[in-house]
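A.B. asks: only geometry, no sequence info:
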Ligand SMILES: [Zn+2]
């Protein structure tokens, strides 16, 4: 990008992050010719990366799947809906800011686990204990759905395992 001060046509990116509203990439730039700094907001096609499953199949990133999995892990836990939304947004920001076009499902699961750990330890353990064995977040959702039907008030997946 051209320097707006001296017109030098090669500037360096010092810092790069997703803007607050998630609709642009904010870049801090420095001109090596005149040493001035400036910020650009680049409206880009902010496409979330495609999720690559363990078997190599690719699926579109689905925010609702992430949200519902977190909500399930946090069921009956004292965490506000707004805090869960913010956690999902942080996962999205991290993916957008990475600039990668693809993300492995394991990596996505790790990002979700990191957020759950910050929100609620019980929910984190619930998710982590189950997630590791499954291919993606939606499978966790299926398992929890099933679990919810058979033992609505159980504290978590591990207790059922011990009983059986
Ligand atoms: Zn310059």
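C.D. replies: Sure thing, it's come through. Keep in mind it's a predicted model, so treat the numbers as computed, not measured. Residues are numbered from 1 along each chain as shown.
A.B. asks: Contact partners for the closest residue to residue 74 other than its chain neighbours?
C.D. replies: Once its chain neighbours are removed from consideration, residue 74 has its nearest residue in residue 123; the separation is 4.4 Å (Cβ to Cβ, 6 or more residues apart in numbering). The way it works is simple: take the backbone N, C-alpha and C, and place the C-beta from them, glycine included. For residue 123, the contact set (Cβ atoms under 8 Å, 6 or more residues apart in numbering) comprises 70, 73-74, 77, 79, 116.
A.B. asks: Restricted to buried residues, select those residues in PyMOL.
C.D. replies: Provided next is the PyMOL selection string for whichever of these are buried by 16 or more other Cβ atoms under 10 Å:
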select buried, resi 70+73+74+79+116
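A.B. asks: what's the spacing between the spatially most central residue of the chain and residue 111?
C.D. replies: Residue closest to the mean C-alpha point of the chain, counted by Cα atoms, centre = their mean, is residue 91 at 2.1 Å. Using Cβ to Cβ, to the nearest Å, residue 91 is found at 5 Å from residue 111.
A.B. asks: sorry, back to before: cross the contacts of residue 123 against helices and list the overlap.
C.D. replies: Assignment to helices by DSSP state H places the following of these there: 70, 73, 116.
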